[in-house]
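In: Structure for the following, please:
(one chain, ligands or ions: 1)
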Amino acid sequence: MSNPPSIIVVGGNAAGPAAAAKAKRVNPTANVTLIEATDYISTGSCELPYVLSGVIDSYQKIVFYNSETFQSEKGVNVLTKHLVESINRKEKTISVRNLVTNQLFFLPYTKLILATGSVSNKIEKINYHCENVFTFKTVYDLITIQNYIQEKKSKVVSIVGSGFIGLELSEAFRNLGLHVILIEKENLIFPSAEIEISSITKQILVDNNIDIYTGIKSPNFFYEENKIRKIKIDSRLIETDILITATGFVPNVSLALQSKLDIGTTGAIKVNSKLQTSDSNIFAVGDAVETINPINNQPINIQLASAAQKMGHIAGENAAGGNVYFKNYIKNISLKVFDNYSASVGLTLKELQNERILFKTVQASTPNLVKVMPGSSSVFGMIHFEKHSKRILGSSFFGGKEVSGYADLVVSFILLKTPINELVNITYNYTPALSSLINLLSILGRKSENIK
Ligand SMILES: Cc1cc2nc3c(=O)[nH]c(=O)nc-3n(C[C@H](O)[C@H](O)[C@H](O)COP(=O)(O)OP(=O)(O)OC[C@H]3O[C@@H](n4cnc5c(N)ncnc54)[C@H](O)[C@@H]3O)c2cc1C
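Out: Take a look at the predicted model:
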């Protein structure tokens, strides 16, 4: 009888645990090992801003498993505080460093899954060793920031970068009562969003007393002792207690580079639709990989927990002998902005302008509930569609919680290649406390009919 296969998963946050648990479920005889460099596995990164703001009262609530519970419930061996340093593809072994004892050892694998994720992008001229300078990606970052604020009784926080994380941090710090300064190099905050949504978001932030500086290409930072105390923005000198940079995440491809796996044009690990890398015994998943966007068949690096989890399941199943595919994943990304929500699906206007697709755009605002109902407010929607076929290419919404439903529906329309004019033929639910009589999607569908 042959030995049971050994499946090793590197990286234990979102994609890794999903892959490891799935591999063990598909092949219960396999030896599955999950290796994670930090103290924690299976944490809720998306919930980090809510722990910071106090909406969730303890970071422990977002550590969903520890080594013991994952091992006993999923049957997976877990090594935390272990760093995988290299892969020997010829021998099919990895070298692992125990970060507590510093001991180096080797483990053989039958299949390897890389779930090494992404790391915070850093601004070159900032000294991240300063005690008041942080990034925001991990539970460790959260705890360090929380302890610092508490200990130093910080009152002013400056955030560089107004993308998803910068906006979530702005809200969280406002809820904690800190004065927030938001610095953005582009001319509008939330630069990945449609211009209309960036503008509404800006107004909401201003209404919540957040100081916004846009078009700031190169702020200067002034150091005092081991801190950044002042930031020069154009001719203004701003004092700050804390500086957080939220300028995106970079795929962590160091192991893939070391072992000479193919890297794609987005800088992430290239995989096929079974999530195999250029070495068929090595799979890769999550923030670290480049897949294909089914809307335009172009490479895409999706950094979303929902994609990481899905990819983890697929690679886990395939590593354990299955034959399943990661395909038709349409990017569907959402954000809370104080009492409002933004949701965006597929391609945005800026992305489409780089494509060789002839497209048209419709947009509308309408009450989300019948106007006379208490709590009724405006919801904005925009849809881009291919001129010739009328298939939907992307859409964005901003309003109340209803935007989630719109975005999910549009994902289905994109996958089914539903022409935009068909949106008028759908029977939408209606009751005054839940919806408006004429649905926003129906309005957008009708508008598309008048566009030549
Ligand atoms: C503040 C915040 C809010 C977010 N909000 C949302 C949201 O609302 N919705 C959404 O869909 N997504 C959200 N995301 C994105 C989501 O968290 C990521 O897409 C997801 O965590 C990616 O999972 P991953 O496992 O691929 O990578 P990661 O979460 O980056 O995990 C990779 C893990 O691998 C470990 N590792 C790396 N190299 C090695 C090595 N050599 N040896 C051992 N271990 C290693 C790392 O320590 C890390 O724990 C948010 C992210 C952040 C930071």
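In: can we go C-alpha only for contacts and neighbour counts from here?
Out: Fine.
In: what's near enough to touch the residue positioned nearest the centre of the chain?
Out: Nearest to the mean C-alpha position of the chain, by CA atoms, centre = their mean, lies Leu304 at 3.5 Å. When contacts are counted by CA atoms under 8 Å, 6 or more residues apart in numbering, Leu304 touches Gly286, Asp287, Ile333.
In: out of the residues you listed, who's nearest Asn77?
Out: Proximity of those to Asn77 (CA to CA) peaks at Gly286, which lies at 20.7 Å.
In: Can you report how many residues neighbour the closest one?
Out: Per other CA atoms under 10 Å, the neighbour tally for Gly286 reads 32.
In: For it, report the pLDDT, please.
Out: Per-residue pLDDT puts Gly286 at 98.
In: Next one: the residue in the stretch 101-250 of the chain positioned nearest to the ligand, what pLDDT does it get?
Out: Per CA to the nearest ligand atom, Gly117 is where the stretch 101-250 of the chain lies closest to the ligand, at 3.1 Å. Looking at Gly117, its pLDDT is 98.
In: ok, which residues in the stretch 251-400 of the chain are in contact with the ligand?
Out: Counting by CA under 6 Å from any ligand atom, the positions of the stretch 251-400 of the chain adjacent to the ligand are Gly286, Asp287, Ala288, Gln303, Leu304, Ala305, Ser306, Ala308.
In: List only those of these flagged as buried.
Out: Gly286, Asp287, Ala288, Gln303, Ala305, Ser306, Ala308 (16 or more other CA atoms under 10 Å).
In: What residues sit buried inside stretch 329-341?
Out: Here stretch 329-341 shows Tyr329, Ile330, Lys331, Asn332, Ile333, Ser334, Leu335, Lys336, Val337, Phe338, Asn340, Tyr341 as buried, counting by 16+ other CA under 10 Å.
In: that older thread, please produce CSV containing the buried ones among the residues of the stretch 251-400 of the chain next to the ligand, extended by secondary structure.
Out: As requested, those are arranged in CSV below (DSSP: H, G, I helix; E, B strand; the rest coil):
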residue, secondary structure
Gly286, helix
Asp287, helix
Ala288, helix
Gln303, coil
Ala305, helix
Ser306, helix
Ala308, helix
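In: and which of those residues is nearest to Ser199?
Out: Gln303 (24.3 Å).
In: quick one: the helices in the stretch 251-400 of the chain?
Out: Using DSSP state H, counting those that start in this stretch, the helices of the stretch 251-400 of the chain run over 254-258, 305-319, 349-353.
In: tell me the most buried of those?
Out: Scoring the helices of the stretch 251-400 of the chain by mean neighbour count under mean count of other CA atoms under 10 Å gives helix 305-319 as the most buried, with a mean of 25.
In: I'd say Phe120 and Thr138 touch.
Out: Small correction: residue 120 is Ser, not Phe. No - with contact defined as CA atoms under 8 Å, Ser120 and Thr138 do not form a contacting pair (9.6 Å).
In: who touches Lys232 in this structure?
Out: Per CA under 8 Å, 6+ apart, neighbours of Lys232: Pro219, Asn220, Phe221, Phe222, Ile238.
In: How about His388?
Out: Residues near His388 by CA under 8 Å, 6+ apart: Leu358, Phe359.
In: And it, how close does it get to the ligand?
Out: According to CA to the nearest ligand atom, to the nearest Å, His388 and the ligand sit 32 Å apart.
In: Distance from the chain centre to the helix or strand containing Arg229, please.
Out: Per DSSP states H and E: Arg229 is located in strand 227-233. Centroid separation for strand 227-233 versus its chain: 29 Å, with CA atoms, centre = their mean, to the nearest Å.
In: helix or strand right after it?
Out: Counting by DSSP H and E, the element after strand 227-233 in chain order, helix or strand, is strand 236-239.
In: is it possible to export the helices of the stretch 251-400 of the chain to CSV including mean pLDDT and distance to Leu393?
Out: Converted to CSV, the helices of the stretch 251-400 of the chain look like this (pLDDT from 0 to 100; distance: least, CA to CA, whole Å):
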stretch, mean pLDDT, distance to Leu393
helix 254-258, 98, 32
helix 305-319, 98, 19
helix 349-353, 96, 8
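In: Spit out the contact partners of whichever residue of the stretch 151-300 of the chain sits closest to the ligand.
Out: Taking CA to the nearest ligand atom, the ligand has its nearest neighbour within the stretch 151-300 of the chain at Gly286, 3.3 Å off. Shown in contact with Gly286 (CA under 8 Å, 6+ apart): 14-15, 115-117, 302-305, 307-309, 311-312.
In: Pull the most distant pair out of the buried residues of stretch 329-341.
Out: So, these by CA to CA: farthest apart are Tyr329 and Phe338, at 28.4 Å.
In: now, among the contacts of Gly286, which is nearest to Leu349?
Out: Closest to Leu349, out of all of the contacts of Gly286 and judged by CA to CA, is Ile302, at 18.0 Å.
In: Apart from its neighbours in sequence, what residue is nearest the closest one?
Out: Spatial nearest neighbour of Ile302, excluding adjacent residues (CA to CA, 6 or more residues apart in numbering): Asp287 at 6.2 Å.
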